[in-house]
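Enquirer: Sequence and predicted model, in that order:
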Amino acid sequence: MSSSAVQNDGVRPQSNISPPGRTRFSGKRWSVISVVFLGTAINYLDRANLSIALPYMSDDLNLSSTASGVLLGAFSLTYALMQFPAGWLVDRVGPRRLYGYAVILWSLITILVGAATGLIVLVLLRMLLGVGESPAYPSSAKIVSRWFPQRERGLASSIFDSGARMGSAVSLPLITGAIALLGWRGAFVAAGLVGLAFGVFWLRFYRDPEDHPRLSAAERSYIESDQEGGAGDGREPLPWRKLFAYRTTWGMMLGFFCLSFVLYFFITWFPSYLVNERGFDLLKLGFFGMIPALFAMPSQWLGGLLQGRLIARGHDVSFARKVPLVSGLLMASVIVFAGAAPNAATALILLTVSYSALTFAASSLWALPSDVAPTPGNVASLAGIQGFASNFAGFLSPIVVGALLDASGGSYGVPLTVAGCVAIAGALVYGLVIGRIAPLGSTK
C-alpha cells in the first residue's frame, strides 16, 4: 500500500491481511499496549493525587480557592511547555529509555511532595512533576505508531489513554484510603513507590518491534501491512517549525485545548466539588467519586472500536476520527446542567455522561499524530505539539475554575457553564477547522 494512494483520495482500501493468531486481540502488540495502559494509569495516579488530597492539605496549609487553583495548574504549565522538547526527544531517542527514566524521575518527585511544608515549595515540586511526566504521552503515541497498523490505532490509542481514567478512578479509593491510614503526606510517598517499581519494570520489558525477540514473523508482517506514519522508512523528518505551517496542526491544538479544558475539571476540581458542593465525606468520595471514570473507560474503548469498524466498512480515516470527536464533545456539554442539579445523584449522573462523552471523543486524539505525520520521524513531535495545547488548557482550567469560585462565593454553576460552552467550541473546531485528516502536505 503506497502512501500516494492515501494522499490522492483520503480513503484507505481494506487490507486483505488478517490479524495473526486466533483472534484480533492476540499477539505481542496487545501485551505492549496493556503495559502502556498501566503506565498511563500510574501517570494519572501521581498526577491526580493532589486533587484528592487538596481538601485536607488546604486545611493544614490555609490555601484559598485561588491559591489551590494555582497549585493545581502549576503541574500543567511545565507539562505543557515540555511537550515540545519531549516529543522531539522521543522521535530521536525512542520511547523505551525516555519513558522509563521519566517514570523514575516523576515518582521521586511525587515522594518529595509528601515532605513539602508550604505553597511555594509545593508549586515548585508540581512544576518539576510536569517536567518529569512530559515524555509519557508522546512516547505512548510513538509506541502505537510502531506497534499497530493504522486501522487499529484508534483502538490502541483509546486503550492506552483510558489508563488515565483507570488512574483517576482507582486513585480515589487508593489515595483516600492511604490518607486515612498514613495522612496526606504518606499518601504521596506510597504513590511514588508504585511509580518507581513500574519504571524499573518498563526498562526491562519494552522493546520496539524490530528489536523484540519474541515477535512472530506473521505479526510483524501484519503490523507493517498498513503502517502509514508508523515504522521507520528512511524519510527525513520535516523540520519541527514547519509543522506549524498547516491548518491541521493548529486545529489539533485548538480542539485538544477545548477538550482538555473540560476534562481537567474532572482531574482537578471534581473531588473538591463533591466534598464542598455536595457534602461528601471521605468514604463517599472514595466510592462515588470513581463512578464517572469507571464509565468513561469503556466509553473510550467504544470510540476506538467504532473507528476501526468505520474504516473496515470503507469509510476514510478522516470520517472515522471525526465522528467520535464531534459527537462526543457536543454530548459533553451537558456538564452545564450539573451545577443546577437538585441533588447529588442527578449531578453525578450528568457529570458521568459528560466525562464519558469526553473520553469517547478522546479515543481519536492520540491516533491523529500518526495519521497526519508527513514522515515517521514527526509522529511524537506532533503528539507533543497537540499535547502542549492540551496541557496549557490543563494549566488554565483549574485557575479559571478557582477564580470563578472565589468570584461567585463558591458556586460551581458559572464554571460548569463555561466548561459546557468550551466543549461546544471544541466540536466546531474538529468539525470545521480541521479539514481532511491525511499526512501534512498531501492536501492543499
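Expert: Sure thing, it's come through. Residues are numbered from 1 along each chain as shown.

Enquirer: where do the helices sit along the stretch 251-400 of the chain?
Expert: Using DSSP state H, counting those that start in this stretch, the helices of the stretch 251-400 of the chain run over 270-272, 282-288, 291-312, 317-332, 344-362, 368-372, 379-407.

Enquirer: Lowest mean pLDDT across the ones you listed, which one is that?
Expert: Least confidently modelled of these is helix 282-288, at a mean of 69 by mean pLDDT.

Enquirer: about what we covered before: mind putting the helices of the stretch 251-400 of the chain into TSV with mean neighbour count and distance to residue 205?
Expert: Backbone N, C-alpha and C define where each C-beta goes, glycine included. Formatted as TSV, those follow (neighbours: other Cβ atoms under 10 Å; distance: least, Cβ to Cβ, whole Å):
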stretch	mean neighbour count	distance to residue 205
helix 270-272	24	32
helix 282-288	16	31
helix 291-312	21	23
helix 317-332	23	30
helix 344-362	23	26
helix 368-372	28	22
helix 379-407	25	20
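
Enquirer: Counting neighbours, what do you get for residue 62?
Expert: 9 (other Cβ atoms under 10 Å).

Enquirer: Phi first, then psi, for it.
Expert: Main-chain dihedrals, residue 62, degrees, to the nearest 10: phi 60, psi 60.

Enquirer: any idea how far it lies from residue 118?
Expert: The gap separating residue 62 from residue 118 is 10 Å, by Cβ to Cβ, to the nearest Å.

Enquirer: JSON lines for the helices of the stretch 251-400 of the chain, including distance to residue 209?
Expert: Formatted as JSON lines, those follow (distance: least, Cβ to Cβ, whole Å):
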{"stretch": "helix 270-272", "distance to residue 209": "38"}
{"stretch": "helix 282-288", "distance to residue 209": "40"}
{"stretch": "helix 291-312", "distance to residue 209": "20"}
{"stretch": "helix 317-332", "distance to residue 209": "22"}
{"stretch": "helix 344-362", "distance to residue 209": "25"}
{"stretch": "helix 368-372", "distance to residue 209": "14"}
{"stretch": "helix 379-407", "distance to residue 209": "14"}
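
Enquirer: Of the ones you listed, give the one that comes closest to residue 148.
Expert: helix 368-372 (8.5 Å; Cβ to Cβ).

Enquirer: Packing partners of that closest one?
Expert: Secondary-structure packing of helix 368-372 (3 or more Cβ pairs under 8 Å, 6 or more residues apart in numbering; DSSP states H and E): helix 136-147, helix 150-205, helix 247-264, helix 317-332, helix 379-407.

Enquirer: Which one, of the helices of the stretch 251-400 of the chain, ends up nearest to residue 106?
Expert: helix 379-407 (14.1 Å).

Enquirer: Check which helices and strands the next helix-or-strand element following that closest one sits against.
Expert: Per DSSP states H and E, the first helix or strand lying C-terminal to helix 379-407 is helix 413-428. On a contact count with 3+ Cβ pairs under 8 Å, 6+ apart, helix 413-428 meets helix 247-264, helix 317-332, helix 344-362, helix 379-407.

Enquirer: One more pass at 6 Å, please.
Expert: Contact here means 3 or more Cβ pairs under 6 Å, 6 or more residues apart in numbering; DSSP states H and E; on that basis helix 413-428 packs against helix 247-264, helix 317-332, helix 379-407.

Enquirer: In JSON lines: the ones you listed, plus distance to residue 311.
Expert: Formatted as JSON lines, the helices and strands packed on helix 413-428 follow (distance: least, Cβ to Cβ, whole Å):
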{"stretch": "helix 247-264", "distance to residue 311": "19"}
{"stretch": "helix 317-332", "distance to residue 311": "5"}
{"stretch": "helix 379-407", "distance to residue 311": "19"}
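
Enquirer: Out of those helices, flag the one nearest residue 141.
Expert: For the helices and strands packed on helix 413-428, the distance to residue 141 is smallest for helix 379-407, at 3.8 Å, taking Cβ to Cβ.

Enquirer: now the protein, which segments are flagged as low pLDDT?
Expert: For the chain, the stretches with pLDDT under 70 are 1-26, 226-235, 281-283, 285-286, 442-444.

Enquirer: if we can go back for a sec, which one of the helices of the stretch 251-400 of the chain lies nearest to residue 440?
Expert: Nearest to residue 440 among those is helix 368-372 (5.4 Å), distances taken as Cβ to Cβ.

Enquirer: Angles on the backbone of residue 31, please.
Expert: phi -70, psi -40.

Enquirer: Against residue 413, how distant is it?
Expert: For residue 31, the distance to residue 413 (Cβ to Cβ) stands at 46 Å.

Enquirer: So these two - more neighbours on which side?
Expert: residue 413 (16 against 13).

Enquirer: ok, now which ones touch the nearest residue to that one once chain neighbours are set aside?
Expert: Nearest residue to residue 413 in three dimensions, chain neighbours excluded: residue 339, at 3.5 Å (Cβ to Cβ, 6 or more residues apart in numbering). Residues in contact with residue 339, defined by Cβ atoms under 6 Å, 6 or more residues apart in numbering, are 412-413, 416.

Enquirer: Of all the helices and strands packed on helix 368-372, which one is nearest residue 75?
Expert: Among the helices and strands packed on helix 368-372, the nearest to residue 75 by Cβ to Cβ is helix 379-407 (7.6 Å).

Enquirer: by contact count, what packs against that closest one?
Expert: Using 3+ Cβ pairs under 6 Å, 6+ apart: helix 379-407 touches helix 65-81, helix 83-93, helix 136-147, helix 247-264, helix 368-372, helix 413-428.

Enquirer: With distance to residue 306 added, can I get those in a markdown table?
Expert: Shown next, in a markdown table, are the helices and strands packed on helix 379-407 (distance: least, Cβ to Cβ, whole Å):
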| stretch | distance to residue 306 |
| --- | --- |
| helix 65-81 | 29 |
| helix 83-93 | 27 |
| helix 136-147 | 17 |
| helix 247-264 | 17 |
| helix 368-372 | 15 |
| helix 413-428 | 17 |
